[in-house]
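J.: Here you go, sequence then predicted model.
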Amino acid sequence: MKRLRALTAAPFVLALTTQLLLSALWRDRLPDPLATHFSGTDGRPDGYTGRALFLAVGAGLVLALGAGWTLFARRRVLWGAWATAGFTGALLALLLRANLDAAQGADARYPLVDLALAALTAALAALAGLGLARLVPPEPAPPAVPAAGAPRIELAAGEAAGWSRVTGSRPLTALSAGFLLAGAAGLALAPLLGPWPYLLFGLVGLVVGAPGLACARVRVTVDRHGLTVAPAGLPRPRTRIPLDDVAEAEAGTVNPLGDYGGWGYRTRPHRSALVLRSGEALVVRRRSGFEFAVTVPDAETAAALLNALATRPDGAPGPERI
């Protein structure tokens, strides 16, 4: 884990070091204030920030992004941390270059091609992250636990049963909707007021808000297909664990911050969860040893039925019991 966190933090340290080094080397060649906001049509500046404030805000942004990625470091998404650091660092460096040798901020120019350069930097950084992920060995999976002693509902031969509940989070719904609105506003303003920082805010709002809203209210179903978790009213995206992959199901208690570091779709080594609130949760251990949990009321009934369906000797459905 220490190696993974170090590799996750490394690109943000590099981005911050680059920003500080360029600011120091170009100090006498940069105007004060700097041009920090440009028109999307001709790249002319229409907003300015003092050099000290720009340095502080840029460093704070890199540090905040780096802290978030490092705190929730994952081997399989190491490339995402590198791509984020590459894009952010390139944007800040190119913004300094746009002001280089300008007599005053009004003389600076920020062409749209610089956004393409930042995107290219992000892509190259992502490839580096993919390669470095191989330096982090995957943790061994825990052995599967048989479901023989797990609680179950007794079903008659040929009898089918199903269980379904809708669960959600109002705070997550409101927060995700806010991100989506902010993202849409940022993308709408970018062509009118310039790409920086509206385009970045717009992309972040959409990337955070769309999946958050999809996960904010879900339907959890246990039936002859296994466990299915999907957005309420939508068939996709969904998570499905078929019956032949269920080793054991049980009801548990989830503390969002203590167990998974927050709300939403969360991942940990060899386990994942859809956490919409604290309290009761359905926990399913797959035959590979990986676990999946979803917070939902009446989880004990769902676990008992899932165990019964997964281990029943007959597979022929009869009259369905809900």
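T.: Structure received.

J.: CA only for contacts and neighbour counts going forward, please
T.: Will do.

J.: wait, doesn't residue 249 sit right on residue 307?
T.: Yes. The pair residue 249 / residue 307 is scored as a contact, 6.0 Å apart, by C-alpha atoms under 8 Å.

J.: Now do stretch 261-275: everything it contacts.
T.: The set of residues that contact stretch 261-275 without belonging to it, under C-alpha atoms under 8 Å, 6 or more residues apart in numbering, is 72, 74, 139, 141-142, 172, 212, 215-216, 254, 256-257, 260, 276-277, 289-295.

J.: Pull out the buried members of these.
T.: Restricting the contacts of stretch 261-275 to buried positions leaves 74, 172, 212, 215-216, 254, 256, 260, 276-277, 289-295, with burial counted as 16 or more other C-alpha atoms under 10 Å.

J.: Which members of those residues are positioned in helices?
T.: Of those, the ones assigned to helices by DSSP state H are 172, 212, 215.

J.: need those residues in TSV with pLDDT and distance to residue 162, can you?
T.: As requested, those are exported to TSV (pLDDT from 0 to 100; distance: C-alpha to C-alpha, whole Å):
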residue	pLDDT	distance to residue 162
172	74	28
212	72	28
215	73	22
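
J.: In TSV, list these along with distance to residue 23.
T.: As requested, those are arranged in TSV below (distance: C-alpha to C-alpha, whole Å):
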residue	distance to residue 23
172	39
212	37
215	42
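
J.: Of these, just say which sits nearest to residue 55.
T.: Of all those, the one sitting nearest residue 55 is residue 212; the distance, using C-alpha to C-alpha, is 31.5 Å.

J.: Give me the nearest residue to that closest one, chain neighbours excluded.
T.: What sits nearest to residue 212 in space, not counting adjacent residues and going by C-alpha to C-alpha, 6 or more residues apart in numbering, is residue 176, at 5.3 Å.

J.: Looks like the one you found contacts residue 209 (just checking).
T.: Yes. Contact between residue 176 and residue 209 holds when scored by C-alpha under 8 Å: they sit 4.3 Å apart.

J.: helix, strand or coil for the residue nearest to the spatial centre of the chain?
T.: Within the chain, the residue whose C-alpha comes closest to the C-alpha centroid is residue 208; the distance, by C-alpha atoms, centre = their mean, is 7.1 Å. Assigned state for residue 208: helix (three-state reduction, DSSP: H, G, I helix; E, B strand; the rest coil).
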